[in-house]
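Q: return atomic coordinates for the entry below.
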Amino acid sequence: MRFVRAFVGSFRVRLVLAIGAVVAMALTIVLVALPRQLDSYFAQQDSENLDARTEAMATLVGNQIIMVTTLASNPYPVLQIDTTADGEKVYRGSDAVYRALEQTSFVKNLTPNVALADVTVTISESPDATSPVYTLGVPLADAAGKPGQTRETLTSRSTFQVPDVYYTENPAAAPVRLVTVTLSDPFTFREQTVTTLVNVMIGAAVAALAASIVAAILLAQWLTSPVRRLTHASRALAEGRLDVRVPVKSFGSPELAELAGSFNEMAERLQRSIDIISADRDRSREFVADVSHELRTPIAALRTFNELLRDGAVDDPTTRDEFLEQCHRQIERLDWLAANLLEMSKLDSGLVSLDLRPEDLRAVVESAVQQAEPVARRKGIDLILHLPATSVRQPHDPPRVGQVLTNLIGNALKFTPSGGRVDVELTSTAGGAELTVTDTGAGISAEEMPHVFDRFWRGARAPELRASGSGLGLSIVKSIVDMHGGTINILSAPDMGTRVTVDLPRTIAVSSPAGDPA
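A: Next comes the predicted model:
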């Protein structure tokens with residue numbers, strides 16, 4: 001029962017049933033209405049044919065009466081006048097009319113050949129008379145009908161006037177007799193014709209219904225096949241096969257082709273998103289492992305120093321000072337890791353908004369370089385600042401731009417060996433300002449270049465240096481530059497140094513990393 005419900009409930013079966021129902025309904029309406037229309041049409045045709053035969057019979061009968069009563073050398077009366085014992089005049093059909101119509105079987109011979117119906121001929125005394133004086137009825141024998149003909153209850157009359165010149169020498173003054181010819185109950189093929197047509201229509205309707213069902217099945221197959229392909233593809237996508245796509249060219253209608261294109265686009269975006277999430281998850285795992293290791297090192301060092309100090313090392317001033325200095329460094333390391341993680345989480349959540357100020361960028365660049373000078377001197381690296389002579393004013397968030405420069409200069413100093421050089425330059429451009437940090441350090445390989453802005457990415461070169469970072473610096477830089485509507489480009493080669501260029505536009509549409517307007 002469940003299978004039957006599922007089968008009947010399928011879109012393809014419902015479509016076939018719907019098309020079949022519509023065709024069956026249309027054919028039913030035709031079969032109900034058309035026979036009535038045909039019967040009415042054929043009845044009208046039979047009535048018109050009967051009227052024509054009635055007129056023909058009236059003409060023949062009239063000519064016969066006129067010929068025997070007025071065209072003979074000696075005229076004969078149409079109606080014979082008899083006088084009763086009371087002196088009352090009584091009319092009856094004349095012998096001439098009897099001979100002309102009955103004795104010669106004139107009307108009887110015309111009945112099966114011309115009238116094809118029961119014939120009645122009446123003659124009245126005058127046009128105003130209500131009752132006929134003479135009546136001749138000739139029924140049509142049932143054997144006269146052809147195979148397939150049936151009697152129809154139709155009646156047709158035709159009247160004409162005949163002057164009875166027998167009673168006057170002046171034809172204009174002769175009394176007028178009214179002759180009526182009536183045809184009734186004719187033989188017709190109407191019933192047989194209608195029955196034949198109805199049978200033909202029923203056969204045609206059955207054939208049309210069968211053809212419509214076949215056409216509906218083919219049409220349903222053609223219409224539902226793309227939907228089924230989309231269904232199979234969506235199921236495969238739900239099962240995790242993200243590389244499944246549907247061929248757009250195989251969809252006949254533009255609407256389904258558009259739907260297939262949208263599905264493929266959705267699948268592409270989903271696959272990219274899953275790839276990004278998977279890669280981000282892998283990097284997050286690596287990052288968690290690295291951070292765990294980074295946290296374990298200072299925590300272990302702090303525990304060790306604490307135990308040594310508790311065991312008596314606090315009594316030696318030199319040892320105590322050294323331990324306290326090492327504890328201070330480890331605490332700074334922990335604070336640096338926490339600050340980077342907090343900053344990245346703020347940027348990710350869109351909680352960071354820019355405080356744009358139309359101030360001179362030279363102050364921000366100069367402050368960032370001054371903060372990095374102690375590290376440069378300690379490592380024996382030349383840190384050189386290049387500033388323009390005139391102010392470079394444009395809207396920017398000084399702390400955020402300073403954070404960008406701090407991270408870029410910090411990276412340059414980290415990967416530049418002693419005796420190397422780091423140049424920081426600010427220039428004014430037609431569209432805004434350009435910040436450049438150039439070093440003579442280890443450089444970045446072409447394989448690593450596409451991943452430098454990925455979060456938690458730390459590369460493979462100089463592992464002893466990269467291990468000291470979190471892999472978040474350039475990601476933070478990229479997010480802040482994007483918030484300013486700017487661009488960042490890196491040119492580097494192994495052992496040839498690195499050049500990082502940040503372009504900040506003068507007119508910016510500020511946005512947060514989450515995509516909300518700032």
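
Q: Three-state assignment for V162, please.
A: strand (DSSP: H, G, I helix; E, B strand; the rest coil).

Q: just to check, it is in contact with L79?
A: No: at 9.8 Å, V162 and L79 do not qualify as touching, with contact defined as C-beta atoms under 8 Å. All C-beta atoms are positioned from the backbone trio N, CA, C, and that covers glycine.

Q: which residues do the two both contact?
A: Common neighbours of V162 and L79, using C-beta atoms under 8 Å, 6 or more residues apart in numbering, are I123, R177.

Q: gap between the residue of the chain most remote from its centre and S94?
A: Going by C-alpha atoms, centre = their mean, the residue of the chain most distant from its centre is A85, 101.7 Å out. Here the criterion is C-beta to C-beta, to the nearest Å. By it, A85 lies 22 Å from S94.

Q: contact partners for the residue nearest to T153 when sequence neighbours are not counted?
A: Nearest residue to T153, sequence neighbours excluded (C-beta to C-beta, 6 or more residues apart in numbering): D185, at 6.5 Å. D185 sits next to A117, D118, L140, R151, E152, T153, L154, T155 when contact means C-beta under 8 Å, 6+ apart.

Q: of the residues you listed, which is the nearest to V227?
A: E152 (57.8 Å; C-beta to C-beta).

Q: re the thing from before, could you pull up phi and psi at the residue farthest from the centre of the chain?
A: As for A85, its main-chain torsions (degrees, to the nearest 10) stand at phi -60, psi -30.

Q: P112: neighbour count?
A: 17 (other C-beta atoms under 10 Å).

Q: what's the burial count for the nearest residue to it once chain neighbours are set aside?
A: Spatial nearest neighbour of P112, chain neighbours left out: A144 (4.3 Å); criterion: C-beta to C-beta, 6+ apart. Residues lying near A144 (other C-beta under 10 Å) number 15.

Q: how about L15?
A: L15: 17 surrounding residues under other C-beta under 10 Å.

Q: and V32, by the same measure?
A: By other C-beta under 10 Å, 9 other residues sit near V32.

Q: how about the secondary structure of it?
A: V32 ends up helix, using three-state DSSP.

Q: again with I217
A: helix.

Q: so what's the residue count around it?
A: Neighbours around I217, by other C-beta under 10 Å: 16.

Q: roughly how far apart are the closest residue to it other than its chain neighbours and Y91?
A: Leaving aside its sequence neighbours, I217 sits nearest to V16 (C-beta to C-beta, 6+ apart; 5.5 Å). Distance, V16 to Y91, using C-beta to C-beta: 79 Å.

Q: same thing with V477?
A: V477 sits 133 Å away from Y91, going by C-beta to C-beta.

Q: higher neighbour count, the two?
A: Neighbours of V477 and Y91, each counted by other C-beta under 10 Å, are more numerous for V477; the result is 23 against 20.

Q: the more buried one contacts G410, doesn't it?
A: No: using C-beta under 8 Å, V477 makes no contact with G410, being 10.4 Å away.

Q: helix, strand or coil: sort out the residue lying closest to Q192 once chain neighbours are set aside for me.
A: Closest residue to Q192 apart from its sequence neighbours, by C-beta to C-beta, 6+ apart: G148 at 4.2 Å. The three-state label given to G148 by three-state DSSP is coil.

Q: next one: G148 from T111, what distance?
A: G148 sits 20 Å away from T111, taking C-beta to C-beta as the criterion.

Q: quick one: D355 is in a strand?
A: No: read with three-state DSSP, D355 is coil and lies in no strand.

Q: pLDDT value on it, please?
A: At D355, the pLDDT value in this model is 79.

Q: residue contacts, it?
A: Listed by C-beta under 8 Å, 6+ apart, the contact set of D355 reads D397, P399.

Q: roughly how far apart are it and E268?
A: Taking C-beta to C-beta as the measure, D355 falls 38 Å from E268.

Q: neighbours of the residue found closest to V165 once you drop the neighbours it is linked to in the chain, how many?
A: The shortest distance from V165 to any residue other than its chain neighbours is 4.4 Å, reached at A174 (C-beta to C-beta, 6+ apart). By other C-beta under 10 Å, 18 other residues sit near A174.

Q: also R92?
A: Neighbours of R92 (other C-beta under 10 Å): 14.

Q: V78 is in contact with that one, correct?
A: No: using C-beta under 8 Å as the test, R92 is too far from V78 to be in contact (10.8 Å).

Q: now E258: how far from R272?
A: Shown here: E258 relative to R272, a distance of 21 Å by C-beta to C-beta.

Q: and what of Q221?
A: From Q221 across to R272, the span is 35 Å (C-beta to C-beta).

Q: cool, T507 as well?
A: In terms of C-beta to C-beta, T507 sits 31 Å off from R272.

Q: residue boundaries of the strands in the stretch 51-200 of the chain?
A: For the stretch 51-200 of the chain, applying DSSP state E, counting those that start in this stretch gives strands covering 79-83, 89-93, 118-124, 132-138, 150-151, 155-163, 176-184, 187-188.

Q: ok, the residue nearest to V165 touching S126?
A: No: the criterion here is C-beta under 8 Å, and A174 misses it with S126 at 11.9 Å.

Q: show me where the stretch 351-500 of the chain has its strands.
A: All strands of the stretch 351-500 of the chain, identified by DSSP E, counting those that start in this stretch, fall at 357-360, 382-386, 393-396, 421-428, 432-439, 487-493, 497-505.

Q: can you list the strands that the fifth one pairs with?
A: I take that to be strand 432-439. strand 421-428 (antiparallel), strand 497-505 (antiparallel) (DSSP bridges).

Q: tell me what angle it forms with strand 487-493.
A: Inter-element angle recorded for strand 432-439 and strand 487-493: 30 degrees (by axes from the mean of the first three to the mean of the last three C-alpha atoms, to 10 degrees).

Q: starting at the chain centroid, how far to strand 432-439?
A: Computed by C-alpha atoms, centre = their mean, to the nearest Å, the chain-centroid distance of strand 432-439 equals 52 Å.

Q: mind checking the end-to-end distance for stretch 153-170?
A: This stretch, stretch 153-170, spans 44 Å end to end (C-alpha to C-alpha, to the nearest Å).

Q: neighbouring contacts of that stretch?
A: By C-beta under 8 Å, 6+ apart, the surrounding residues in contact with stretch 153-170 are 43, 46-47, 50-51, 53-55, 57-58, 62, 65-66, 69-70, 75-79, 117, 123, 127, 171, 174-186, 188.

Q: now list the buried members of those.
A: Neighbour-count burial (16 or more other C-beta atoms under 10 Å) applied to the contacts of stretch 153-170 gives 46-47, 50, 53-54, 57-58, 62, 65-66, 69-70, 75-79, 117, 123, 174-175, 177-184, 186, 188.

Q: OK, contacts around the nearest residue to S158 once chain neighbours are set aside?
A: In space, and not counting its chain neighbours, S158 is closest to A58: 3.8 Å by C-beta to C-beta, 6+ apart. With contact taken as C-beta under 8 Å, 6+ apart, A58 is in contact with S158, T159, F160, V179, V181.

Q: try 10 Å
A: A58 is in contact with V121, S156, R157, S158, T159, F160, V179, T180, V181, T182, L183, counting by C-beta atoms under 10 Å, 6 or more residues apart in numbering.

Q: adding pLDDT, write those out as JSON lines.
A: JSON lines is the format used below for these (pLDDT from 0 to 100):
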{"residue": "V121", "pLDDT": "94"}
{"residue": "S156", "pLDDT": "94"}
{"residue": "R157", "pLDDT": "94"}
{"residue": "S158", "pLDDT": "94"}
{"residue": "T159", "pLDDT": "94"}
{"residue": "F160", "pLDDT": "92"}
{"residue": "V179", "pLDDT": "93"}
{"residue": "T180", "pLDDT": "94"}
{"residue": "V181", "pLDDT": "95"}
{"residue": "T182", "pLDDT": "95"}
{"residue": "L183", "pLDDT": "94"}
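
Q: ok, so of the residues you listed, who is nearest T436?
A: S156 (114.1 Å).

Q: now the residue nearest to the closest one when sequence neighbours are not counted: how far from A115?
A: Spatial nearest neighbour of S156, excluding adjacent residues (C-beta to C-beta, 6+ apart): T54 at 4.1 Å. Per C-beta to C-beta, T54 is found 8 Å from A115.
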